[in-house]
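Novice: Here is a sequence together with a model predicted from it:
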Amino acid sequence: MLKSVYNWIDERLDITPMWRDVADHEVPEHVNPAHHFSAFVYCFGGLTFFITVIQILSGMFLTMYYVDDIVNAYKSVDYLQHKVAFGVIVRGMHHWGASLVIVMMFLHTLRVFFTGSYKAPREMNWIVGMLIFFVMLGLGFTGYLLPWDNKAYFATQVGIQIAASVPILGQYIETFLQGGEIVGAQTLTRFFALHVFFLPGALLALLGGHFFMIRKQGISGPL
Amino acid sequence: MAHDHNSKEKVVYVGDSRVKKYKKNNVPLDYSAYPGNSEAFVPNFLLKEWMVGSVFLVGFMILTMSHPSPLGYPADPTKTDFVPIPDWYFLFLYQLLKYPYTSDAFVVLGTLVLPGLLFGGLMLAPFLDTGKERRWYKRPIASSLMFLSLFAIVFLTMVSWQGYQHELEELNIIPEHIERAEKLEAGLEVPGGKEEEPVAIVNKESEGYDIYQKSSCISCHAADLNGAVGPTLLGIGDKYSKEEITDIIINGFGNRMGPQLQQNLDAGLTEADLDTLAVWLAEQKAPAGEEAPEEVTDTK
Amino acid sequence: MQDHNKEKQSHGKPVKRREMSRRQFLSYTLGGTGGFMMSLPLIANLRFAVDPLLQPKAESDWVKVIEVEKVTDTPTSVNFEKNVVDGWYESDKGFGAWITKEANGDIFALSPICKHLGCTVEWEKNVNYPNEYFCPCHAARYTRDGKNLAVAPAPLDEYEVKVENGFVYLSQIKPNTRVE
């Protein structure tokens, strides 16, 4: 039954070559932890992606309860964590995942660096990777404010002050991020929009590029 | 809809497609097609990667379930004694700004130049390190710069965290998310966004109230006791006894509040006045029953 | 049109055209149309996003606080409420100020918020330090002009002041201008 459905679709859209290419590509021995245990360092990229998927999922579900308004943001976070079944786990995944994704991405970056995998012809993929790194840091910074507790508020205030000390552009960056003259209602909605739409959009586009390039060029050879 | 195939029609669009009809090869490559010890991505390699992923997920879920995410008290922009701390992975940048050549007049060095060099250098690594050699020990410059940066980042992060801990200790502050978690645990607070009823001033006609208005207390705790720089004193009697309050007035409260006795004596109050004040403050209790935890609410 | 016809007639020679080819023309038009289709929505959205940057700095209202006659060379404390707007939230916030008259009759007002940790300073709060602002929290001290003498890292902030019809009006807080 399933097979005939698949064949019916395949006949019309010719989807087999697309996934066969991904599925059948050759994975060399030197990245396979079953052959060399030390090859586990090649798993960091995949694990980063895995947590990213968890982040996107848990984030989508968190917005079912979260409200990005200064009066209600804290209350909604408190409510979803304590009153909603599995709230501790869903918020916990998003909270701890945010830290872990940075850790794994950092390790992945170090692996690529110390194996010299960024060298020609993979320069572009390294740059895209660095951009992903920045977007992730941006997601961390904007997400930190959303629970709207004191820690979130004052850390963001300090962060924005640091950005404001950039010469010439500083005060414009400050006003743009704050959406006004103080960290307040408009800052929260801005950070929410950045955290939920703009940065994830950029992230997905960059990840697409990252994966396309690694598929096209293949993994770097053994040392 | 019946389709009458009229042979006289020249163009027939139905059934037309750019997808060619051919024998689809839906059979995976044979193992012999992979040279040496390489293997197919699906299912062989992916299975191994997902094994690692599963172990990782178990660890992650244990962390998640054993450590509820922190949540302090609602943001209060007028609060001034809060020690701000960014998320841990920004600590090194935060600490970087505390050194003489990265602060004040040189703050641009700390906010722009140094991080710019660090991240810019990293970004342009493929164009700076163009040699053919890939092994890290054969690329001494690139590797040593990376080790140096790593060391600096770890060092700055540690210094920053220790500084934060030290500051907390010195100011006698428990981070709010910990304080709140403990209170929730002890049932002193109700989670889930319950509106807190403000406690009213008790016995406003008392002499203690008049003394309070003359004392140095109001410059931090406000004339209505609701707190400004200092915390609210409403309901303080639930927390401290008269003796404890007297002790706080005389000796201060950690580093957050200096000793107040001498100033108030200088301001014309007597020790007897302060005693009356302490008695009055100890009377500041929430109406009975309000502080008691709610009857077992079903949180599940 | 005539040129065109002539060209058609003279077959052998390669045609030299100064004008753009049909393909070029269509490509430019496509680019232009695409740019138009993207730019209109983008302009609206970007203007929307940067609106806070183009808002004039909210001139806080002048608040009438005290009669001029009551201001002396000894700092006087005043309290007033000011309307604070944060997006769609509007609230009245309490403020305080210490108002002093200079020898030449000019009036200046200092913010009572201590620059150390934000407690509230008071004039001659401590008898040991006459003619000084004193903060009870950590014994920070300031001169009459707000210059920081001890503990605090910066001088007291100043209010913008104007005198009108015999009353002192205060506006927003600015960094101290009286102390170098």
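Specialist: Yes, it's here.
Novice: can you count the residues close to the closest residue to B:Pro35 other than its chain neighbours?
Specialist: Nearest in space to B:Pro35, with sequence neighbours left out and distances taken as C-beta to C-beta, 6 or more residues apart in numbering or on different chains, is A:Glu26 at 7.8 Å. Where you see a C-beta, it was placed from the backbone N, CA and C, and this is true even at glycine. For A:Glu26, the neighbour count with other C-beta atoms under 10 Å in any protein chain shown is 16.
Novice: Name the residues of stretch B:161-180 that are buried.
Specialist: B:Tyr164, B:Ile173, B:Pro175, B:Glu176, B:His177, B:Arg180 (16 or more other C-beta atoms under 10 Å in any protein chain shown).
Novice: Which element, helix or strand, includes the fifth one?
Specialist: Secondary-structure element containing B:His177, defined by DSSP states H and E: helix B:176-185.
Novice: Report all helices and strands that that helix contacts.
Specialist: helix A:150-164 (3 or more C-beta pairs under 8 Å, 6 or more residues apart in numbering or on different chains; DSSP states H and E).
Novice: May I see the buried residues of the helix it packs on?
Specialist: Within helix A:150-164, the residues that count as buried by 16+ other C-beta under 10 Å are A:150-160, A:162-164.
Novice: now those residues as CSV including distance to chain B?
Specialist: Shown next, in CSV, are the buried residues of helix A:150-164 (distance: C-beta to the nearest C-beta, whole Å):
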residue, distance to chain B
A:Asn150, 5
A:Lys151, 5
A:Ala152, 6
A:Tyr153, 3
A:Phe154, 4
A:Ala155, 5
A:Thr156, 9
A:Gln157, 7
A:Val158, 5
A:Gly159, 6
A:Ile160, 11
A:Ile162, 6
A:Ala163, 8
A:Ala164, 9
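Novice: Which of the buried residues of stretch B:161-180 sits closest to chain A?
Specialist: Checking the buried residues of stretch B:161-180 against chain A with C-beta to the nearest C-beta, the nearest one is B:Glu176 at 5.6 Å.
Novice: which residue packs closest to that closest one, ignoring adjacent ones?
Specialist: Leaving aside its chain neighbours, B:Glu176 sits nearest to B:Gly72 (3.1 Å; criterion: C-beta to C-beta, 6+ apart).
Novice: I'd assumed the one you found was in a helix, is it?
Specialist: No. Read with DSSP: H, G, I helix; E, B strand; the rest coil, B:Gly72 is coil and lies in no helix.
Novice: Among the buried residues of stretch B:161-180, name the least confidently predicted one.
Specialist: Note: of the buried residues of stretch B:161-180, the lowest pLDDT belongs to B:Ile173, at 82.
Novice: doesn't B:Lys79 make contact with that one?
Specialist: No. Using C-beta atoms under 8 Å, B:Ile173 makes no contact with B:Lys79, being 11.6 Å away.
Novice: on that earlier part again, what sits against the residue nearest to B:Glu176?
Specialist: A:Asp149, A:Asn150, A:Lys151, B:Pro175, B:Glu176, B:His177, B:Glu179, B:Arg180 (C-beta atoms under 8 Å, 6 or more residues apart in numbering or on different chains).
Novice: Output those residues in CSV; the columns should cover distance to A:Ser99.
Specialist: Below are those laid out as CSV (distance: C-beta to C-beta, whole Å):
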residue, distance to A:Ser99
A:Asp149, 17
A:Asn150, 20
A:Lys151, 14
B:Pro175, 16
B:Glu176, 19
B:His177, 15
B:Glu179, 21
B:Arg180, 20
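Novice: between these, which is nearest chain C?
Specialist: Nearest member of these to chain C, counting by C-beta to the nearest C-beta, is A:Asn150, at 14.2 Å.
Novice: Enumerate every residue touching that closest one.
Specialist: Taking C-beta under 8 Å, 6+ apart, one finds B:Gly72, B:Tyr73, B:Pro74, B:Ala75, B:Asp76, B:Lys79, B:Phe82, B:Glu176 in contact with A:Asn150.
Novice: Going by neighbour count, which of the residues you listed are buried?
Specialist: Buried, going by 16+ other C-beta under 10 Å: B:Gly72, B:Tyr73, B:Pro74, B:Ala75, B:Lys79, B:Phe82, B:Glu176, out of the contacts of A:Asn150.
Novice: Give me the distance between the fourth one and chain C.
Specialist: Spelled out, it's B:Ala75. Distance of B:Ala75 to chain C, given as C-beta to the nearest C-beta, to the nearest Å: 12 Å.
Novice: pretty sure that residue is touching A:Tyr74, no?
Specialist: Yes. Using C-beta under 8 Å, B:Ala75 makes contact with A:Tyr74 at a distance of 6.9 Å.
Novice: re earlier: contacting residues around the helix holding B:His177?
Specialist: A:His82, A:Asp149, A:Asn150, A:Lys151, B:Pro68, B:Pro70, B:Leu71, B:Gly72, B:Tyr73, B:Phe82, B:Glu189, B:Pro191.
Novice: Go again with 10 Å.
Specialist: By C-beta atoms under 10 Å, 6 or more residues apart in numbering or on different chains, the residues outside helix B:176-185 that reach it are A:78, A:82, A:147, A:149-151, B:67-74, B:79, B:82, B:168, B:173-175, B:188-191, B:293.
Novice: what angle sits between it and helix A:150-164?
Specialist: 170 degrees (axes from the mean of the first three to the mean of the last three C-alpha atoms, to 10 degrees).
Novice: Report the distance from helix B:176-185 to the chain centre.
Specialist: In terms of C-alpha atoms, centre = their mean, to the nearest Å, the centre of helix B:176-185 is found 14 Å from the chain centre.
Novice: CA atoms of it as CSV?
Specialist: Extracted as CSV, the C-alpha positions of helix B:176-185 are listed here (Å, rounded to 0.1, in the frame of the first residue of the first chain):
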residue,chain,number,x,y,z
GLU,B,176,16.5,35.7,42.7
HIS,B,177,15.9,32.5,40.8
ILE,B,178,17.5,30.5,43.6
GLU,B,179,15.6,32.4,46.3
ARG,B,180,12.4,31.9,44.5
ALA,B,181,13.0,28.2,43.8
GLU,B,182,13.7,27.7,47.5
LYS,B,183,10.5,29.6,48.4
LEU,B,184,8.5,27.5,46.0
GLU,B,185,10.0,24.4,47.4
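Novice: I'd like the next helix or strand past that helix.
Specialist: Per DSSP H and E, the first helix or strand lying C-terminal to helix B:176-185 is helix B:207-214.
Novice: how many other residues sit next to B:Pro35?
Specialist: With other C-beta under 10 Å as criterion, B:Pro35 counts 9.
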